[in-house]
Structure formats: C-alpha cells, structure tokens
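Visitor: Sharing a sequence plus its predicted fold:
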Amino acid sequence: MTVEDLRAPGKPSSRTRTGAVLGGLLIALVVAAVFSACIGQVPTGPGEVLGSILHRIGLDLGPMPAHPSGEVTLWEVRFPRVVLAILVGAALGCAGALLQGVFANPLAEPGVIGVSAGAAVGASAAIVVGGAFAAGWTVAAAAFVAGLITTVAVYVLARHEGRTEVVTLVLTGVAVNAFAGGLIAFFTFVASPAARDQIVFWQLGSLNGATWNAVAVVAPMTVAGIAATMMIAGKLDLLSLGESAARHLGLDVERLRQIAVLIVALLVSSSVAFTGIILFVGLVVPHLMRIAVGPGHRALIPASALCGSLVLLLADLGARSLVANADLPLGMLTALVGGPFFFWLLRRTRASQGGWA
Amino acid sequence: MSPASRPLRTRIGEAIEQSLFRRTDPMPPPRSSGAVTLRADGIAVTRGGRPVLEDVSVDVRIGEVLVLVGPNGAGKSTLLAALSGDQDVHSGTVHLDDRTLGDWTALEMAQRRAVLPQQNTVGFSFTARQVITMGRSPWARTPRSDDDAAAIAEAMRICDVVAFADRPFTALSGGERARVALARVLAQRTETILLDEPTAALDLGHQETVMRLARSRAEQGTAVVVVLHDLALAAAYADRIVVLEQGRVAADGPPADVLSEDLLTRVYGHPVEVIEHPVTGATLVLPRRDQR
C-alpha cells in the first residue's frame, strides 16, 4: 500500500488530482514547446511547426514552413534549443526535488551542496586553459567532470564515522561554494579579456549553444537520472521523518544518500555542462509542485520534472523575446523571477501549513 | 472455487505475483510470554572520552513493560539508543532475537522492533495519516502488508488521532504530534517496541492512556521498553524497573523492590519518600519538600 492509497474518504482522490496536474503540465509543455518553436527572427506559425515535424516522421500532413530558410531554422536552431530546454528543466526540477527529499529539508538546492559551483570551476578552467577558442565540448566535459568530483568530494568531506549529518553536509557545501567562488575569481582574473567574457556568460546560463549533439549527450543522462529517482521515490518519503526514524523503519539511509548524491551529480552536471548555471529552478519548482500534488515523492518527482521543463522553456522564451534581437542570460532571468517568487512561496506555505517544522 | 476452475491467466498472474512481489512471511511465529527479544550484555558506551554507559546488562522480555528511569544524564536514552542500534557500543553486545544487532539488516531490524524517538519531526507537510502509514513500510512486499489498513486504523483509533488524521503533521500541537508518532510505531506491529519518553509532551489524561496502551500491548505478547521521568507512572505501569545511575544499573526488578526511599534518594540526590496511597494502596513516589 502506498501513501496515496490512504486518502480520507469523501475527499477528492489525490491520485486523480495528481493525474490532472501531470496531464495539465504535459499539455502546457507541448503547447509551450510548439509556441516556443514559432518565435524568432524567421517567422513561422504553429501549423508550420507541426507540419514540419509530421513531414519529418513521414506523414504528409499540414503546411511546410513558408519562409525559404524556415525548415533549416526550425531543425537546426529552434528544435534543439526547445528539446534541450525541456531536458535541462526536467533534470533541474527532478534534482531539486530529490535533494530536498534526501535532506528532508525544503531549502536544499543543487547550488547548496556545490555541484553548480564546482561545474563552473571546471568550465572556467577549461576556458582559461583553452583560451577564448575553447570548444563548447571541452567546456561542457570539464564542467561535467568538475561537477561530479565536487559532489563526491562534498559528500566524502561531510561524512563522519559512516554517517552524514544534514547540517554538516550543507555547511560543507557552503565552504565548498566559497572555495569554488575563489577559484572562479582566480580564473576570471588570469583570463584574457575574451576568455573573461566567456566565463562570465557561462555563469549567467544560456541555451544559446543548443545543438543536437548536446541533446544527444544530455538526453540519456536526464532520462536515466529521472528513472533512477523514480525508483527511490517511495524511500524518500521515509526520510522526511528524519534519519534515525527512517533507519528504524528499515531504510538503509546511508546507501540511499549515496545513490541520491550520484543521481544529483549526474543530472545537474550534465544539464549545467551545455547551458551554464541556471539558478532557482531546482529550488522553486519542487515547492510549487508540493502545493499542487502534496509531499509524496512518487507524484512529486515526475511533477517537478515536467514543471521544470515548462519553467525553463518559458524562461528561455522570455530570454529570446523580451528584448528584440538580444538573447538575455537565462540564469539571470530565472534568478530575477525565481527569487521574489520564492519569497512569496515561503510566506504562503508558512501561513497555510504552519511551516516546515 | 477450486484452483482449476479459475482462468489460467488469473492463476499465472497470481503465481508471478507470489514469486516476484510476495516474499514469504519474514517473521518466525510469535513466542510466548517471558521470551527474551532484546538483550544487552555488559555494554559500555563512551562519548567524547567520557563514559556514558558502563557494564550495563538488560533483558527485554515478551509480555513485560520494562521502564528505564534515572536522573538526567544517567544514560536512559543512550541505553535505549544502544538497544535500538542507533548507538554503537564500545564493549559488550546487544542481541536482538539471538543475533547481534550488526548481523541484521536495517529492514530485518525494522520488522522486529519499533522505536519512538524523543523528538518527532516531519520534513514536509505529510498528513498525520500519511506519517502513520509510513510505519507499515517494513512490511511492504510481504504477506503482512495485507494487514496495512487494519493496523493503521487500529493504531489511529487507540492513539486517539482520528480527529486530525488528515491535517499536516507540522500543523499539529506537541501532544497531537506525540500521539501520531506513537500511532506510527504501533502500526509497525513489531514484537518489541522501544519508547523514549512517550509521555513527555502529554497531559495527564493522555499520559495514562499511553501507559495503559503499553500495558495492554505487553499483555498481548509484545516486549515494551519505556524511558520515563515520572516515577509514579513507572510504579503504576511497569512490570520491571531498571534504575540507571551515572551510566550503571543501580537496581533492576519489580517496582515494589526497586522503588525504595534510600535508593531513590541516593540516585536522584534529593530526598524522596515512597508512600502507599491511603485508599488504593498504590505506590506513590514524591520528592520531599520543606513545609512552607
């Protein structure tokens, strides 16, 4: 029996509600994806976008893009960007929900334990060493490896006598974040002006460089990460009782933590590698979804992944279209919108649910 | 209906379910009163170089309410933590059902003993009902998960939490939380239950309810260990009391033998009087107070 089965009689079924939320998110995601693919310098309509996709998969339905370079723009520029936004958003949303679940702390975020900062150090180092001409792939690989190493390092440093206390882990993350900040500052200092620009913009985050190759790398890791998270979702519920109570209920807390940290490193490093640092999606989205589907992780994880995709897609749409002919930094936008929104969320949750213990 | 008359597909489905999703019952049949479920043998615990427990031996038996008492810092909670496997012992052994704690997996231990911690917090806004349901998780994918609904309903009824079962745990009062946490522990339906100060946050009425509950559980074939501060409560409900003094067992026996004025006065460092209730004859333990 799962937690969801035990709803109060007479109340609307939580399963129905979860289904409705997931379905709604999925529909919104598809609509946003099609709409996002329409927006840009080459004008295309939703019909043309759908027609182009249908033609590709062998169905002669719907109109083809009327603009001479429409087909190429869609398939070489916009579609990879849309797909990458969906993947990265899902990865960040899922990683946020997973981290919060594993720490039983709603303020946990991939940034908190230092994955993002570690990845940024890797990227900066690659940019400085490779000069301004460092290929996107080198930067991505360096970011991924550094993110993975940082996550494992934070975890190992925070362990003591075979156990990891949440507070120690978070504080270790704080220290690692500070150290990483110093390294990034160092790389920014020694970099040539062009490389310096590149470092700064990488940290601001953008889906500008989205290609099918990037999608091909990120997609399997995101899918694997979300699938693995779903497999441990039920156990994450028990962790909300605290470490020792979860252990008393038969959970191997330490092993679950290790698995979770690896999944988070995989999800965040792979998504950050091609897009730079995108803040607040991992923090805000799980909160929002907890209001919509409740705290049970079997529903929360897929909802957070879908909502993360939607948020990032919309954010990227804003980044591309808010200022004409300019690609705003995505991470800047998510932080500017996400920060105040999170304040509002905090106050609302405190008032309605009596806070978080 | 005979097995053969059912559709083949149903039977295959059931067979797959039996083999893949249903393990056999992991527990041996229940044992009779007096059997030892948990045994600490000369255990010692040091924390930060300071001995917290020294040479403590305790048996926990089915059908018995064992109450641990002692002044602050005497090691009651540490002993309970050592019995539950939370606290590593530096010497001596703790056996659960004739195996040392280290030889059980976390899940196997969870099927044998339930623990009520002193502090109960829940990280997210799970409802009381969801929290109690988590108590059934050690039995997932075992035949005993058939009892889930019954165990949860029973625990909610006897702990008097039905009225607020669908409110978030974090929105409950201290007393309500304590009862929900106790219900979770009872829903686990284990042979041994360890309760660390279950009455601390409760009013007089609910204190009595909780201890009566511990009693009736013991009578139904459970081994119950309770850490208590209230000596009168201990006297009223314990089958056996272990008095801890600076990490050592100062006394171990039935309330009538253990609760003596001399011993308690020494252990608590405060004059204590033990008297009989003038009407019922129940044992009353009172600190001596100067006449005002």
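Guide: Now that the structure is in, tell me what you want to look at.

Visitor: how near is the nearest residue to B:Thr127 once chain neighbours are set aside to A:Ala194?
Guide: Closest residue to B:Thr127 apart from its sequence neighbours, by CB to CB, 6 or more residues apart in numbering or on different chains: B:Asp166 at 5.1 Å. Any C-beta I mention is one placed from the backbone N, CA and C, and that applies to glycine too. For B:Asp166, the distance to A:Ala194 (CB to CB, to the nearest Å) stands at 60 Å.

Visitor: quick one: which of those two has more around it?
Guide: B:Asp166 (15 against 12; other CB atoms under 10 Å in any protein chain shown).

Visitor: B:Gly174: neighbour count?
Guide: So B:Gly174, with other CB under 10 Å, has 11 neighbours.

Visitor: again with B:Asp98
Guide: The number of residues packed near B:Asp98 is 9, by other CB under 10 Å.

Visitor: for B:Pro271, same thing?
Guide: Neighbours of B:Pro271 (other CB under 10 Å): 13.

Visitor: what pLDDT does the closest residue to it other than its chain neighbours get?
Guide: Excluding its sequence neighbours, the residue lying closest to B:Pro271 (CB to CB, 6+ apart) is B:Arg288, at 3.9 Å. If you check B:Arg288, the pLDDT there is 89.

Visitor: from what I can see B:Arg288 touches B:Glu273, true?
Guide: Yes. In this structure, B:Arg288 is within contact of B:Glu273 by CB atoms under 8 Å, at 5.5 Å.

Visitor: Comparing those two, which shows the higher neighbour count?
Guide: Shown here are B:Arg288 and B:Glu273; by other CB under 10 Å, B:Glu273 has more neighbours (13 against 10).

Visitor: The more buried one belongs to a helix?
Guide: No. Per DSSP: H, G, I helix; E, B strand; the rest coil, B:Glu273 lies outside any helix segment and is strand.

Visitor: Whichever strand or helix holds B:Ala251 packs against which elements?
Guide: Per DSSP states H and E, B:Ala251 falls inside strand B:248-253. Here strand B:248-253 touches strand B:50-61, strand B:240-245, helix B:255-258, helix B:261-268, going by 3 or more CB pairs under 8 Å, 6 or more residues apart in numbering or on different chains; DSSP states H and E.

Visitor: Would you mind finding the most buried of the ones you listed?
Guide: Of all those, strand B:240-245 carries the top mean neighbour count, a mean of 22, counting by mean count of other CB atoms under 10 Å in any protein chain shown.

Visitor: any weak-confidence spans in the stretch 1-150 of chain A?
Guide: Residues of the stretch 1-150 of chain A that meet the criterion pLDDT under 70 lie in A:1-13, A:131-136.

Visitor: What's the first helix or strand after whatever helix or strand B:Ala153 lives in?
Guide: Using DSSP H and E, B:Ala153 sits within helix B:148-158. Later in the chain than helix B:148-158, the nearest helix or strand by DSSP H and E is helix B:174-187.

Visitor: Show me what counts as buried in that next one.
Guide: B:176-187 (16 or more other CB atoms under 10 Å in any protein chain shown).

Visitor: Please tabulate the residues you listed in JSON lines, including the columns pLDDT and distance to chain A.
Guide: Listed next are the buried residues of helix B:174-187 as JSON lines, based on pLDDT from 0 to 100; distance: CB to the nearest CB, whole Å:
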{"residue": "B:Glu176", "pLDDT": "91", "distance to chain A": "12"}
{"residue": "B:Arg177", "pLDDT": "92", "distance to chain A": "10"}
{"residue": "B:Ala178", "pLDDT": "91", "distance to chain A": "14"}
{"residue": "B:Arg179", "pLDDT": "92", "distance to chain A": "15"}
{"residue": "B:Val180", "pLDDT": "95", "distance to chain A": "11"}
{"residue": "B:Ala181", "pLDDT": "94", "distance to chain A": "8"}
{"residue": "B:Leu182", "pLDDT": "94", "distance to chain A": "13"}
{"residue": "B:Ala183", "pLDDT": "95", "distance to chain A": "13"}
{"residue": "B:Arg184", "pLDDT": "96", "distance to chain A": "8"}
{"residue": "B:Val185", "pLDDT": "96", "distance to chain A": "9"}
{"residue": "B:Leu186", "pLDDT": "95", "distance to chain A": "13"}
{"residue": "B:Ala187", "pLDDT": "95", "distance to chain A": "11"}
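
Visitor: Rebuild the residues you listed as JSON lines, extending it with distance to A:Thr150.
Guide: Formatted as JSON lines, the buried residues of helix B:174-187 follow (distance: CB to CB, whole Å):
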{"residue": "B:Glu176", "distance to A:Thr150": "42"}
{"residue": "B:Arg177", "distance to A:Thr150": "38"}
{"residue": "B:Ala178", "distance to A:Thr150": "41"}
{"residue": "B:Arg179", "distance to A:Thr150": "44"}
{"residue": "B:Val180", "distance to A:Thr150": "39"}
{"residue": "B:Ala181", "distance to A:Thr150": "37"}
{"residue": "B:Leu182", "distance to A:Thr150": "42"}
{"residue": "B:Ala183", "distance to A:Thr150": "42"}
{"residue": "B:Arg184", "distance to A:Thr150": "37"}
{"residue": "B:Val185", "distance to A:Thr150": "39"}
{"residue": "B:Leu186", "distance to A:Thr150": "44"}
{"residue": "B:Ala187", "distance to A:Thr150": "41"}
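
Visitor: what residue lies at the spatial centre of the chain?
Guide: No chain in the question, so chain A it is. The residue lying closest to the centre of chain A (CA atoms, centre = their mean) is A:Leu92, at 1.3 Å.

Visitor: The chain in question should be chain B.
Guide: Centroid check for chain B by CA atoms, centre = their mean gives B:Leu194 as the closest residue, at 2.2 Å.

Visitor: Flag the shaky bits of the stretch 201-350 of chain A, pLDDT-wise.
Guide: Those would be A:349, if you go by pLDDT under 70 across the stretch 201-350 of chain A.

Visitor: Could I get the full set of helices for it?
Guide: For the stretch 201-350 of chain A, the helices defined by DSSP state H, counting those that start in this stretch occupy A:212-231, A:233-239, A:243-248, A:253-275, A:281-293, A:297-321, A:330-353.

Visitor: List the buried residues of the last one.
Guide: Buried residues in helix A:330-353, counting neighbours by 16+ other CB under 10 Å, are found at A:330-335, A:337-338, A:341-342, A:345, A:349, A:353.

Visitor: residues in contact with the closest residue to B:Pro143 other than its chain neighbours?
Guide: The shortest distance from B:Pro143 to any non-neighbouring residue, by CB to CB, 6+ apart, is to B:Asp25 (5.1 Å). By CB atoms under 8 Å, 6 or more residues apart in numbering or on different chains, B:Asp25 lies in contact with B:142-144.

Visitor: These, buried ones only, as a ChimeraX selection?
Guide: To isolate the buried ones among the contacts of B:Asp25 in ChimeraX, judged by 16+ other CB under 10 Å, type:
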select /B:142,144
